[in-house]
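Participant: pasted the sequence and its predicted model underneath.
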Amino acid sequence: MMLNKKYFPLVIIFSALLFSTFLLNGQDLKPIDIKLPKPMFVGTPQNIKVPNLEKPLGRPRDPFLAPVGTANVALNKPVVASDNYPVIGEVEQVTDGDKEAEDGSYVEFGPFLQHVTIDLQAEHTIFAVVIWHYHKQPCVYNDVIVQISNDPAFKKDVKTIFNNDHDNSAKLGTGKDKNYVETAEGKLIDAGGFQGRYVRCYSNGNSNSDLNHYIEVEVYGLAVKGE
Ligand SMILES: [Ca+2]
Ligand SMILES: [Ca+2]
């Protein structure tokens with residue numbers, strides 16, 4: 001059967017949508033390209049007893065759109081940690097590009113509230129931060145707080161883009177974000193296009209132990225023009 005001619009414009013529009021980038025507010029947007037590590041478990045864990053836990057999506061996360069050219073600007077960038085002597089691994093592993101769950105691919109920091117700070121080495125407009133704490137077994141990290149600043153000490157000009165510290169035990173303000181189960185997908189946090197040179201991530205132990213882990217942190221952004 002021949003396609004009726006009146007449908008041709010629809011076919012053209014549909015094809016254009018499929019093969020073009022998306023356009024929003026005059027900016028070309030494209031899904032950011034996140035390379036995922038091999039998953040170590042499937043399905044929804046039922047045995048994690050944590051309040052205010054986000055219901056797993058049950059399917060892959062939707063693509064995240066950001067301006068064309070947005071890339072992981074944290075790769076191989078310097079990292080400093082509140083715990084200078086990791087129990088296992090090295091602080092550099094936070095940005096070394098290895099996101100696999102195997103032993104040897106994570107850095108383990110001591111108990112209580114700890115943080116890592118990534119220096120992007122220039123101010124960037126940041127659209128998303130993706131965090132893999134640990135994904136060998138399902139677990140939930142406590143007091144996950146993610147901030148952006150131009151101040152390496154995070155004393156001023158601080159934008160908090162994620163905070164699930166519901167009881168303000170970290171004393172950085174009460175957070176309204178949900179607890180979540182770690183998976184190979186990592187946790188994607190919408191950074192809202194805030195600008196800054198430093199990204200800091202907090203945690204305070206997890207549902208399996210009181211230790212803090214990082215496999216990788218990616219920061220999807222664009223360098224601020226003129227730098
Ligand atoms: Ca890594
Ligand atoms: Ca808390």
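Facilitator: Received, thanks. Ligands and ions are numbered 1, 2, ... in the order given.

Participant: buried ones in stretch 209-225, by neighbour count?
Facilitator: Across stretch 209-225, burial judged by 16 or more other Cβ atoms under 10 Å covers Leu211, Asn212, His213, Tyr214, Ile215, Glu216, Val217, Glu218, Val219, Tyr220, Gly221, Leu222. Heads up, the C-betas are built off the backbone N, CA and C, glycines and all.

Participant: and it, anywhere near ligand 1?
Facilitator: Yes - counting by Cβ under 5 Å from the ion, contacts between stretch 209-225 and ligand 1 involve Glu216.

Participant: avg pLDDT for that stretch?
Facilitator: When pLDDT is averaged along stretch 209-225, the result is 97.

Participant: span of it from start to end?
Facilitator: Counting by Cα to Cα, to the nearest Å, the length from the leading to the trailing residue of stretch 209-225 is 43 Å.

Participant: can you check stretch 66-84 too?
Facilitator: Length of stretch 66-84, first residue to last, Cα to Cα: 34 Å.

Participant: how about residues contacting it?
Facilitator: Outside stretch 66-84, the residues that touch it by Cβ atoms under 8 Å, 6 or more residues apart in numbering are 21, 27-30, 32, 91-92, 94-97, 109-110, 113-121, 124, 127-128, 199, 212, 217-223.

Participant: wondering if it reaches ligand 1 at all.
Facilitator: No - no part of stretch 66-84 sits near ligand 1 under the criterion Cβ under 5 Å from the ion; the closest distance found is 9.9 Å.

Participant: list the buried residues in that stretch.
Facilitator: Within stretch 66-84, the residues that qualify as buried by neighbour count (16+ other Cβ under 10 Å) are Ala66, Pro67, Thr70, Asn72, Val73, Ala74, Lys77, Val79, Ala81, Asp83.

Participant: and the two most separated of these?
Facilitator: Spatial extent of the buried residues of stretch 66-84 (Cβ to Cβ) is set by the pair Pro67 and Asp83 at 35.3 Å.

Participant: I'd like the next helix or strand past the lowest-mean-pLDDT helix or strand in the chain.
Facilitator: Among the secondary structure pieces of the chain, namely its helices and strands, strand 22-24 has the lowest mean (mean pLDDT, DSSP states H and E), a mean of 54. Note on strand 22-24: by DSSP states H and E, the next helix or strand toward the C-terminus is strand 27-31.

Participant: so which elements touch that next one?
Facilitator: Using 3 or more Cβ pairs under 8 Å, 6 or more residues apart in numbering; DSSP states H and E as the contact definition, the elements that strand 27-31 packs against are strand 22-24, strand 65-67.

Participant: Three-state assignment for Glu92, please.
Facilitator: In three-state terms, and counting by DSSP: H, G, I helix; E, B strand; the rest coil, Glu92 is helix.

Participant: tell me which residues touch the nearest residue to Pro39 once chain neighbours are set aside, please.
Facilitator: Closest residue to Pro39 in three dimensions, ignoring its sequence neighbours and counting by Cβ to Cβ, 6 or more residues apart in numbering: Ala184, at 3.9 Å. Applying Cβ under 8 Å, 6+ apart, we find Ala184 in contact with Leu36, Pro37, Lys38, Pro39, Met40, Lys99, Ala101, Trp132, His135.
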